[in-house]
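*Asks:* sequence plus predicted model, see below.
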Amino acid sequence: MPTMIVLHCPTVVLATAPGTSTQPNRPHRLTLFGSRPLAPKSEPSAATTEPTMITLNINGQKHDVDVAQDMPLLWVLRDVVGLTGTKFGCGIAQCGACTVHLNGQPVRSCVTPVAAVGEQSVTTIEAVNATAAGKKIQQAWLDLDVVQCGYCQSGQVMSASALLSTTPDPSDADIDAAMAGNICRCGTYVRIRAAIKQAAKGA
């Protein structure tokens, strides 16, 4: 009887038809939603999976965490440090819900190994209003009632704040480029754009 082979990835399940060759010696590559292909991950070495004491600079405070070096920064923030404002969305850096700042630059914390952070400054949604850009963005979000369900909005605010800090008067093209990696299933994109423009005006 032919065997059904099921290949799993974080968001989809692919099944090969009975009798169809799966070319087992060739790595499978998946492309989701027009994104870059995803290559299979290699097995982590013991050196990266053993707990190690790491010091992180998060929101201006030092945190010593005893975690595996390959643990994603997202889970260190949420499960170890207790900062739950940063959300898990996809686990493959495609939705933007997990966005935080490293030295002011937006990164996807779900795919950033904690060991890669080093001495860089981590800013999360809990402290972004301490920056001038973050404060303006959050106030504009409130003024224009951007949020609907709210799940993606911490990531949206982090990306928008990073944009405003480097581009004080962003064009529509600037906004498109900066926010392209942030998905909102509620479709609040029009309000997000309006809020960024309002924040840029300092209103």
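*Replies:* Yes, it's here. Remember, predicted model here, so these are calculated numbers, not experimental data.
*Asks:* who's in contact with Val128?
*Replies:* 101, 134, 137-138, 157-158, 161 (CB atoms under 8 Å, 6 or more residues apart in numbering). (Each C-beta comes from the backbone N, C-alpha and C, glycine too.)
*Asks:* how many residues are close by Gln198?
*Replies:* 17 (other CB atoms under 10 Å).
*Asks:* got the phi and psi for it?
*Replies:* For Gln198, the backbone dihedrals (degrees, to the nearest 10) come out as phi -70, psi -40.
*Asks:* got a list of what it touches?
*Replies:* Going by CB under 8 Å, 6+ apart, Gln198 touches 140, 143-144.
*Asks:* next, work out how far apart it and Ala177 are.
*Replies:* Applying CB to CB, to the nearest Å, the value for Gln198 to Ala177 is 19 Å.
*Asks:* over to Cys149?
*Replies:* In terms of CB to CB, Cys149 sits 25 Å off from Ala177.
*Asks:* quick one: which of the two has more around it?
*Replies:* Taking neighbours as other CB under 10 Å, Cys149 and Ala177 compare with Ala177 leading, 13 against 10.
*Asks:* just checking, the more buried one is part of a helix?
*Replies:* Yes. Assessed with DSSP: H, G, I helix; E, B strand; the rest coil, Ala177 lies in a helix.
*Asks:* flag the shaky bits of this protein, pLDDT-wise.
*Replies:* Counting by pLDDT under 70, the chain has low-confidence residues at 1-47, 203.
*Asks:* can you give me the strands in it?
*Replies:* Remark: strands assigned in the chain by DSSP state E are 6-8, 13-15, 51-58, 61-68, 99-102, 105-108, 121-123.
*Asks:* so what secondary structure elements neighbour the last one?
*Replies:* Helices and strands touching strand 121-123, as assessed by 3 or more CB pairs under 8 Å, 6 or more residues apart in numbering; DSSP states H and E, comprise strand 51-58, strand 99-102.
*Asks:* how far out from the middle of the chain is that strand?
*Replies:* Offset of strand 121-123 from its chain centre (CA atoms, centre = their mean, to the nearest Å): 14 Å.
*Asks:* what pairs with it, and is each one parallel or antiparallel?
*Replies:* If you go by DSSP bridges, strand 121-123 pairs up with strand 51-58 (parallel), strand 99-102 (antiparallel).
*Asks:* could I get the CA-only coordinates of the shortest one as PDB?
*Replies:* If I follow you right, that is strand 99-102. Only the C-alpha atoms of strand 99-102 are listed here, as PDB (Å, rounded to 0.1, in the frame of the first residue of the first chain):
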ATOM      1  CA  THR A  99       9.000  43.400  15.800                       C
ATOM      2  CA  VAL A 100      11.400  45.000  18.300                       C
ATOM      3  CA  HIS A 101      14.300  47.400  17.900                       C
ATOM      4  CA  LEU A 102      18.000  46.500  18.100                       C
END
